[in-house]
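Asks: Here is a sequence together with a model predicted from it:
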Amino acid sequence: MENLIEIIKTDTFLFIIFGIVIVLLIGFSIMLVKFFTLNKRYKEFMKKLGNGKNLEEDLENYIYRVDTVEKQNAKILNEIKNLDENLIKCIQKVGIVRYSAFKDTGSDLSFALALLDENNDGVVLNGIYSREMSNIYAKPVEKGKSTYTVSEEEEQAIQKAITSNTLIR
């Protein structure tokens with residue numbers, strides 16, 4: 001242990017430490033020069049790839065734009081979901097039956113019209129035509145049935161609407 005302390009106190013030890021520090025400083029300088037050279041080459045390479053523009057900036061801009069589009073798509077999908085939920089309540093099924101209400105009218109000018117949503121809720125309209133006047137009656141429909149008494153033609157119109165594959169969209 002005393003030998004080690006005596007070696008540390010000598011001038012040769014100081015010269016060795018000084019030499020090591022010089023070697024490390026030279027190595028650090030070489031690494032620093034290589035880093036700056038590599039950084040310059042990297043920037044030139046990126047400009048060549050970007051046809052004179054900085055490719056790194058372009059990539060950052062594209063990433064920002066993609067993020068913006070993703071946010072907009074999320075909003076659009078949410079709006080579509082809301083529209084689909086509201087669409088359930090809109091008229092989607094239509095059934096119509098034309099008929100002659102009275103013997104003295106020659107053509108089928110009377111009608112029963114059912115207007116239903118996806119849950120078969122809505123209204124059935126019955127337009128009765130005669131030579132002297134025309135009347136229209138409306139009856140509510142819930143789940144394909146009305147709480148009011150419906151005529152044969154109104155029932156046919158409701159069933160046509162329920163079984164129709166054509167949804168109004």
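Replies: Arrived safely.
Asks: And the helices in the chain?
Replies: 2-9, 11-49, 55-87, 152-163 (DSSP state H).
Asks: Reformat those as a markdown table; add mean pLDDT, mean neighbour count and distance to G122.
Replies: Every residue, glycine included, has its C-beta placed from N, CA and C. Compiled in a markdown table, the helices of the chain are given as follows (pLDDT from 0 to 100; neighbours: other C-beta atoms under 10 Å; distance: least, C-beta to C-beta, whole Å):
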| stretch | mean pLDDT | mean neighbour count | distance to G122 |
| --- | --- | --- | --- |
| helix 2-9 | 73 | 9 | 101 |
| helix 11-49 | 89 | 10 | 62 |
| helix 55-87 | 90 | 11 | 14 |
| helix 152-163 | 91 | 18 | 8 |
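Asks: So which of those is nearest Y99?
Replies: helix 152-163 (5.1 Å; C-beta to C-beta).
Asks: From the rest of the structure, what touches stretch 122-142?
Replies: 91, 93, 101-102, 104-105, 109-116, 120-121, 146-148, 150-151, 153-154, 157-158, 161 (C-beta atoms under 8 Å, 6 or more residues apart in numbering).
Asks: Write the PyMOL selection for whichever of those residues are buried.
Replies: Selection command for PyMOL covering only the buried members of the contacts of stretch 122-142, criterion 16 or more other C-beta atoms under 10 Å:
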select buried, resi 91+93+101+109+110+111+112+113+114+115+116+120+121+146+150+151+153+154+157+158+161
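Asks: Inside strands: which ones of the contacts of stretch 122-142?
Replies: Among those, the members found in strands (DSSP state E) are K93, S110, F111, A112, L113, A114, L115, L116.
Asks: Could you identify the most distant pair in those?
Replies: K93 and S110 (21.2 Å).
Asks: still on that earlier bit, columns distance to K139 on top of the helices of the chain, output as a markdown table?
Replies: Listed next are the helices of the chain as a markdown table, based on distance: least, C-beta to C-beta, whole Å:
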| stretch | distance to K139 |
| --- | --- |
| helix 2-9 | 110 |
| helix 11-49 | 72 |
| helix 55-87 | 24 |
| helix 152-163 | 7 |
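Asks: Grab the nearest non-local neighbour of D121.
Replies: Of all residues beyond its chain neighbours, the one nearest D121 is E142 (5.2 Å), with distances taken as C-beta to C-beta, 6 or more residues apart in numbering.
Asks: All set, thanks.
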